[in-house]
Structures are given as structure tokens and as C-alpha cells.
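Enquirer: I'd like to go over a predicted model; first the sequence, then the structure.
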Amino acid sequence: MIKIKIKNFKNLGSDRIVNAIGSNKYKNCLIIDFGTATTFDIIKNRKYEGGVIAPGINLSILNLNKFTALLPLLKLKANQKSYGKNTTEALNAGFLWGYEGLVNNIINKIILKSKTGYKIILTGGYAKLFKKFIKRKTEVDQDVTIKGTAKVFKELLL
């Protein structure tokens, strides 16, 4: 049974709706989806509270390559130990450290503003890579979107 309450869902992306529904076993959770955009969806007392949308990692990498004359197309690597000694290493450090800061800062702001502790669920293409960079306890669930889609299909369309 779908337990998540979502108001104003007409103005909310279907991916974010099914992510919320797919996580409905948790009373309070924060779903971070590393997709085309990096999205943060807040579920508090099984009610969709809102979220945050930031640029996605791949989209940002592609745009830096497309709109600059000399920056290469980066294949992000998790083993960055220091700042870069060349352009590729500098880009890699910028993306890893930049998104590490972005994600941790947004998590902290959400928790501070809502005064709630959340189960933090990571999903999407870079979920496993960024799990080790997040300073709070997280869980990777690559199936949260499909779980929500299946639940909607099963309960609302059949």
C-alpha cells in the first residue's frame, strides 16, 4: 500500500514521485538521486515535504567539455588523493570535492531546517561512488525508483 502523502504532485517530476513512493518503508528519509540532475527528496512522517535540485554530475562534465575550448571529457575517478597536477586531475578533484561539498552541505541544511533525522538513501549512477564521501550514514538502493514505479503500477493502474 502506498503510504506516502504527496500534495501538489502535478508540479513534481514523476521520477521524484516514484522515488518517494519507493522509499515508503521509512517514516523519515532523504533520497539523493545522482541522475541527470542531483535531486534531494525529503520524506517526513511519510509525507513528501519537498526537495532540492542541483546540476547533475554527468551533465556538468559534458557541459564543461562542450563549452570550453580545451577541457577534456572527464571520466570521473574516485581515487583522487590531492589537488590536480594536470588538467584531468584538477577536473577530477573539482568534481569529487565540489560534489562532496555540495551533497554534504545540502544534507546538513535539510536536517538543520527540518530538525529531523533521516534515513539517507542514495540512488542513481554515482550513488556508490559518492557513498564514501558523505559524512553521514547512508544506504545505496539502486532500485528505489523501480520499486516506486512498480508500486504505482500495481496499486493505481491494475
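Expert: Yep, it's here.
Enquirer: which strands and helices sit next to the helix ranked longest in the chain?
Expert: When the chain is parsed with DSSP state H, its longest helix is helix 87-114. Counting contacts by 3 or more CB pairs under 8 Å, 6 or more residues apart in numbering; DSSP states H and E, the secondary-structure elements packed against helix 87-114 are strand 29-34, strand 37-44, strand 47-55, helix 57-67, helix 127-131. Any C-beta I mention is one placed from the backbone N, CA and C, and that applies to glycine too.
Enquirer: a markdown table for these, including distance to Val18, mean neighbour count and mean pLDDT?
Expert: Supplementary listing: those in a markdown table, determined by distance: least, CB to CB, whole Å; neighbours: other CB atoms under 10 Å; pLDDT from 0 to 100:
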| stretch | distance to Val18 | mean neighbour count | mean pLDDT |
| --- | --- | --- | --- |
| strand 29-34 | 10 | 25 | 97 |
| strand 37-44 | 10 | 22 | 96 |
| strand 47-55 | 11 | 16 | 94 |
| helix 57-67 | 21 | 15 | 96 |
| helix 127-131 | 16 | 18 | 96 |
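Enquirer: now stretch 150-158: mean pLDDT?
Expert: Stretch 150-158 comes out with an average pLDDT of 83.
Enquirer: CA atoms only: put that stretch into PDB for me.
Expert: Output in PDB follows, covering the C-alpha atoms of stretch 150-158 (Å, rounded to 0.1, in the frame of the first residue of the first chain):
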ATOM      1  CA  ALA A 150       6.100  -1.000  -9.600                       C
ATOM      2  CA  LYS A 151       4.100   0.100  -6.600                       C
ATOM      3  CA  VAL A 152       2.200   2.800  -8.600                       C
ATOM      4  CA  PHE A 153       1.600   0.400 -11.400                       C
ATOM      5  CA  LYS A 154       0.300  -2.400  -9.100                       C
ATOM      6  CA  GLU A 155      -1.900  -0.200  -6.900                       C
ATOM      7  CA  LEU A 156      -3.100   2.500  -9.200                       C
ATOM      8  CA  LEU A 157      -3.200   1.100 -12.700                       C
ATOM      9  CA  LEU A 158      -4.200  -2.600 -12.200                       C
END
